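Show me how the following folds:
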Amino acid sequence: MDINFNKNEDHNKLLVSELKNKLAKIKLGGGEKRIEKHHAKGKMTARERINYLLDDKKPAIEIGAFAGDEMYEEHGGAPSGGVVVKMGYVKGKQCIVVANDATVKAGAWFPITAKKNLRAQEISIENKLPIIYLVDSAGVYLPMQDEIFPDKEHFGRIFRNNAIMSSMGITQIAAVMGSCVAGGAYLPIMSDEALIVDKTGSIFLAGSYLVKAAIGETIDNETLGGATTHCEISGVTDYKAKDDKDALDTIKNIVSKIGDYDKAGFNREKPAKPKENPEEIFGIIPKSRADQYDMREIILRMVDNSDFEEYKKGYGQSILTGYARIDGWAVGIVANQRKLVKTKKGEMQFGGVIYSDSADKATRFIANCNQKKIPLVFLQDVTGFMVGSKSEHGGIIKDGAKMVNAVSNSVVPKFTVVVGNSYGAGNYAMCGKAYDPRLIVAWPSAELAVMSGNSAAKVLLQIETASLKKQGKKITPEDEKKLYDKIKARYDKQISPYYAAARIWTDAVINPLDTRTWISMGIEAANHAPIEKPFNLGVIQV
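Model prediction:
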């Protein structure tokens, strides 16, 4: 191992350590004092409920752990958006679980909470996975109601999805384990089966104070909408549970009786670990996002037996394409090659840049994977498409459009891993969030933006200094440097993988060593949903 490997390894392991520390803080939700108050009421926290519900010895992945990170500081913050979402197994059946975190503003819904809930439902719909809601929420966060209530992708879309999912035959189970107020009351009742916990769970369109104000009736919340009321008088709920664990045990019993599902039929053999050491990924990924490295070496440390069958190996070398297996599942890999390569014509191609020939190769490979019903894995470390007169005259826009067309119309499940750079149109062509990957994750080394922080800061500096000079202000080199540093610091914050994850542009920031688990669970989930339409590229410029 050379000195650069050791430096890279130290840097990337520190990034993973930072990731773990951030996650540990987020997992405290509203803080230890609020957790203690929650326990004093005889209630489990959202994470405790999910951990009890999911099978112990099976893997689980958390969707949107960083949702809302540093987004609502003026409102006291919203760790994980006030809701915890995990994909895991209940009695051996793969499920999505959504649990309101009542230690965060009593489980109130921020704008990002709605977005995260919709993402959970989207995953359930795409993969036809059962979804379980553990409800404990005070409803919409009123100071921000205008950003969560009326639009298409706001709060009401949740209930619309409940209805659509029911018509699709997707199992939905809800347990009311705390407050369930106003519009939020519809979610459990639009589920297939609803449970309520005695004395702690309650459902009503308006609480006792609002009832008193609206119609003058004096009534307590338990009589108005508690477990006895809804299980024995209104018939709104189907099961009464004595406590949280009883409710969760009932859910386990219900899920255990769900029948088998139709398979999509993706190919799987006995899983095997990579022959190359996955830990070496930390030494291969360079500390600087501008440095070159060989993406093949990353792939060999991710795939079963380190066996990667390359497609068109000598052609379009700035993108790697080929077949492999991940945890036994057959996959087609499309990856940006980050090292400088020399073509047969003697031309040099820069790493991370998409050229016409590499776009053409990727398009053909994506079509092949669709024909063979092989899920696609995109490994992003891309700075964009090649620019300049030679590329423009060679039709780079046309070839790039063909690749985007193939990604857009792909019918096999797609999974995206942002390893390093994810800039500009390269993000689109390599199946960014806008192109419907079933799951999209970023490594701590990732950067997502229109362009690099250095490039963007230079462009923005030119604009800013020109504006100041027009105002008659003199700009010294020292002023220019201060301005540049200020602009770059702001931009660098925005390209952070945590900034993207906070806004659910990605599903998670993960340890690179967990990538195989995410892809394997993602393909297993996708296997629940048979492909219903043929692959068709539509009209493209040949």
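
Y52 is in what secondary structure piece?
In the assignment (DSSP states H and E), Y52 maps to helix 46-53.

T363 contacts G400, correct?
No. T363 is not in contact with G400 according to CB atoms under 8 Å; the separation is 9.6 Å. C-betas here are computed from N, CA, C, even on glycine.

Show me what the helix holding Y52 packs onto, helices and strands only.
Applying 3 or more CB pairs under 8 Å, 6 or more residues apart in numbering; DSSP states H and E, we find helix 46-53 packed against strand 83-90, strand 93-100, strand 131-137, helix 244-256.

what's the burial count for V387?
V387 has 10 neighbouring residues, counting by other CB atoms under 10 Å.

In three-state terms, label Q371 for me.
helix (DSSP: H, G, I helix; E, B strand; the rest coil).

whoops, I mixed them up, K22
Per three-state DSSP, the local secondary structure of K22 is helix.

Low-confidence bits of the chain, can you list those?
Within the chain, the stretches with pLDDT under 70 are 1, 183, 346, 393, 453, 540-542.

phi, psi of A138?
Main-chain torsions, A138, degrees, to the nearest 10: phi -80, psi 0.

Tell me which residue is most central in the protein.
Closest residue to the average C-alpha location of the chain: D507 at 1.2 Å, with CA atoms, centre = their mean.

quick one: contacts for that one?
I63, G64, R119, L439, I440, V441, A501 (CB atoms under 8 Å, 6 or more residues apart in numbering).

switch to 6 Å and redo it
Residues in contact with D507 (CB atoms under 6 Å, 6 or more residues apart in numbering) are I63, L439, I440, V441.

and if you look at S179?
The contact partners of S179, by CB under 6 Å, 6+ apart, come to A138.

Tell me the secondary structure at it.
Three-state assignment for S179 (three-state DSSP): strand.

cool, and A434?
Put simply, A434 is helix when judged by three-state DSSP.

need the strands for the stretch 201-350 of the chain, in chain order.
Along the stretch 201-350 of the chain, counting by DSSP state E, counting those that start in this stretch, strands occupy 202-204, 239-241, 309-310, 319-326, 329-336, 341-342, 348-349.

Now mean neighbour count and distance to K474 too, for those strands, in a markdown table please.
Shown next, in a markdown table, are the strands of the stretch 201-350 of the chain (neighbours: other CB atoms under 10 Å; distance: least, CB to CB, whole Å):
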| stretch | mean neighbour count | distance to K474 |
| --- | --- | --- |
| strand 202-204 | 23 | 66 |
| strand 239-241 | 21 | 72 |
| strand 309-310 | 14 | 57 |
| strand 319-326 | 23 | 48 |
| strand 329-336 | 25 | 44 |
| strand 341-342 | 14 | 47 |
| strand 348-349 | 14 | 43 |
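
what about those strands, which gets the closest to D262?
Smallest distance to D262 across the strands of the stretch 201-350 of the chain (CB to CB): 17.9 Å, for strand 329-336.

Contact partners for the closest residue to E62 other than its chain neighbours?
Once flanking residues are discounted, E62 sits nearest to K86: 5.1 Å by CB to CB, 6 or more residues apart in numbering. If you count contacts by CB under 6 Å, 6+ apart, K86 has them with I50, A60, E62, V97.

what's the answer for I354, then?
If you count contacts by CB under 6 Å, 6+ apart, I354 has them with F385, G426.

quick revisit: would you format the strands of the stretch 201-350 of the chain as CSV with distance to G283 included?
Listed next are the strands of the stretch 201-350 of the chain as CSV, based on distance: least, CB to CB, whole Å:
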stretch, distance to G283
strand 202-204, 54
strand 239-241, 51
strand 309-310, 23
strand 319-326, 20
strand 329-336, 18
strand 341-342, 21
strand 348-349, 25
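
Looking at the ones you listed, which is nearest to A434?
Closest among the strands of the stretch 201-350 of the chain, once you apply CB to CB, is strand 329-336, at 16.4 Å.

Using PDB, write out every CA atom in that closest one.
The C-alpha coordinates for strand 329-336 follow below in PDB (Å, rounded to 0.1, in the frame of the first residue of the first chain):
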ATOM      1  CA  TRP A 329     -28.700 -11.200  -7.400                       C
ATOM      2  CA  ALA A 330     -27.700 -10.700 -11.100                       C
ATOM      3  CA  VAL A 331     -27.100  -7.000 -11.800                       C
ATOM      4  CA  GLY A 332     -26.000  -4.800 -14.700                       C
ATOM      5  CA  ILE A 333     -23.600  -2.200 -13.600                       C
ATOM      6  CA  VAL A 334     -23.200   1.200 -15.200                       C
ATOM      7  CA  ALA A 335     -20.300   3.100 -13.600                       C
ATOM      8  CA  ASN A 336     -18.300   6.300 -14.300                       C
END
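
Please list the residues outside it that contact it.
Under the criterion CB under 6 Å, 6+ apart, residues 267-268, 295, 320-324, 352, 362, 369, 374-379, 381-382, 523 lie in contact with strand 329-336.

Any idea how far it is from the middle of the chain?
Per CA atoms, centre = their mean, to the nearest Å, the displacement of strand 329-336 from the mean C-alpha position of its chain is 19 Å.

Any chance you could list what contacts the helix holding Y52?
So helix 46-53 is contacted by V84, K86, V90, V97, A99, D101, L134, L248 (CB under 6 Å, 6+ apart).

Let me know the closest of those residues to I219.
I219 lies nearest to L134 out of the contacts of helix 46-53, by CB to CB, at 26.7 Å.

hmm, what's the outermost residue in this structure?
Largest centroid distance in the chain under CA atoms, centre = their mean is G472 at 47.3 Å.

mind listing what that residue touches?
By CB under 6 Å, 6+ apart, G472 lies in contact with nothing.

does it belong to a helix or a strand, and which?
Assigned by DSSP H and E, G472 belongs to neither a helix nor a strand.

would JSON lines of the contacts of D507 with distance to V236 and neighbour count be doable?
Shown next, in JSON lines, are those (distance: CB to CB, whole Å; neighbours: other CB atoms under 10 Å):
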{"residue": "I63", "distance to V236": "29", "neighbour count": "22"}
{"residue": "L439", "distance to V236": "35", "neighbour count": "25"}
{"residue": "I440", "distance to V236": "38", "neighbour count": "27"}
{"residue": "V441", "distance to V236": "39", "neighbour count": "25"}
